[in-house]
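*Asks:* got a predicted model here, sequence first, then my questions.
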Amino acid sequence: MLTLRTRRFFARLSLLGSSVGLALTACGDSQSGVAPLGPLPNTFGGFGGAIVAQPAGGAPTLPSAGTGGEMPALTPSCQNVPPGRVAKIDDFEDRNTAVFPESGREGFWGVVHDNTAGVVFPAGEFAPDASGLNGSLGAHVKASGYSDWGALLSTTLSYLAGGVRCAYNASAFAGLRFYAHGSGRVRVSLAIPATQDKEFGGACDSDKDMICYDTHSKFVVLSPEWTLYELPWSLFLQRGFGTPAPFRPDQVLVVQFALDTPELPVELWVDEVSFWDGTPTPLNTGGNGAGGNSAGGNGDGGDHAISSSGAGAGGAAGDGAP
């Protein structure tokens, strides 16, 4: 069972966007007709899953007293969310909390932590700083001392359709791509409706003995040098404590970098976060910029990680469709 403190954390995470005008989408996810991992259709319609969405600009809709815990009415407009076409999630050069713009897409970054005694940076509202790749702007977060679940650098993602907010459809892409360096081990996580409690915007129902928040994740070991990580969807796996759910790249609610308590202290710098077209960047290069050091794994196995000290920011994913 989730502790009260943990439940309050997920409430804070779900409401993170509301402080900057974003309500996290509540979604329904029928397990019948779910496509296997791999190439996906371009719309939600082929999966048989319907979306429960929030009015744009409104607060998350939660089951009210007297409803018996039933979800709000299904919103048909969210069943046909088109696949996203802008790979870049954020390069942080805009100096604000909003993700890189794409027509219909919204998302906002924030740092949250548990309520135990610990230290987190930044202590206030998240803002990019001049610590990114090659002296550009980037994200920097560190945490130590927490004893519950730790801290998160996280962005919500949503797609505006017909005046409602829907989960973002990333099915046109093959994975996630970013530059990072630091110390410790970070869990890169993608939340979908099936792993998010319906009380806080998802389709997982803890009242029916479903165990929520077992998000699809991949641990990466940070290097002191800037390193390019290219992670296919197949590497994002549940940790095994929650209700099993197939990963749905067409229904991404949250992208987050988790600094989990067992890993603390952790310090992370991250930049050029994007979806990935699945084409590995050649080894012994720093992407499309200046050449970096030789390539290697990140110590956790299975991903395509390239040491890119001195690499140009041009090595990040482009803005167009794959």
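*Replies:* It's in. Residues are numbered from 1 along each chain as shown.

*Asks:* in stretch 100-112, what's buried?
*Replies:* For stretch 100-112, a neighbour-count test (16 or more other CB atoms under 10 Å) marks 100, 102, 105-112 as buried. C-betas here are computed from N, CA, C, even on glycine.

*Asks:* export the residues you listed to CSV and tack on secondary structure and pLDDT?
*Replies:* Shown next, in CSV, are the buried residues of stretch 100-112 (DSSP: H, G, I helix; E, B strand; the rest coil; pLDDT from 0 to 100):
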residue, secondary structure, pLDDT
Phe100, coil, 95
Glu102, strand, 95
Arg105, strand, 94
Glu106, strand, 93
Gly107, coil, 94
Phe108, strand, 95
Trp109, strand, 96
Gly110, strand, 94
Val111, strand, 96
Val112, strand, 93
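
*Asks:* what is the nearest of those to Tyr168?
*Replies:* Nearest to Tyr168 among the buried residues of stretch 100-112 is Arg105, at 6.3 Å by CB to CB.

*Asks:* doesn't Thr156 make contact with that closest one?
*Replies:* No - here Arg105 does not reach Thr156: they are 10.7 Å apart, not a contact under CB atoms under 8 Å.

*Asks:* and the buried residues of stretch 100-112, which two are furthest apart?
*Replies:* Glu102 and Val112 (24.5 Å).

*Asks:* remind me which residues of this protein are low pLDDT?
*Replies:* Applying pLDDT under 70 to the chain flags residues 1-77, 200-201, 284-322.

*Asks:* repeat that for 50
*Replies:* Low-confidence segments of the chain, defined by pLDDT under 50: 1-74, 285-301, 307-322.

*Asks:* where exactly do the helices run in it?
*Replies:* 4-14 (DSSP state H).

*Asks:* can I get the lengthiest strand in it as CSV, trimmed to CA atoms?
*Replies:* Scanning the chain for the strand with the most residues, using DSSP state E, yields strand 266-276. The C-alpha atoms that make up strand 266-276 are tabulated as CSV, following Å, rounded to 0.1, in the frame of the first residue of the first chain:
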residue,chain,number,x,y,z
VAL,A,266,23.0,12.0,-7.1
GLU,A,267,23.8,15.1,-9.2
LEU,A,268,22.5,15.3,-12.8
TRP,A,269,23.0,17.7,-15.7
VAL,A,270,20.8,17.0,-18.7
ASP,A,271,20.4,18.8,-22.0
GLU,A,272,18.9,18.3,-25.5
VAL,A,273,16.1,16.0,-24.4
SER,A,274,14.3,14.6,-27.4
PHE,A,275,12.4,11.7,-28.9
TRP,A,276,14.7,9.5,-31.0
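
*Asks:* buried residues of that strand, list them for me.
*Replies:* 266-276.

*Asks:* again with stretch 169-189
*Replies:* So, applying 16+ other CB under 10 Å, buried residues of stretch 169-189: 169-182, 184-189.

*Asks:* thinking again about what came up before, so which of the buried residues of strand 266-276 is the closest to Lys198?
*Replies:* For these, the nearest to Lys198 is Phe275 (26.5 Å; CB to CB).
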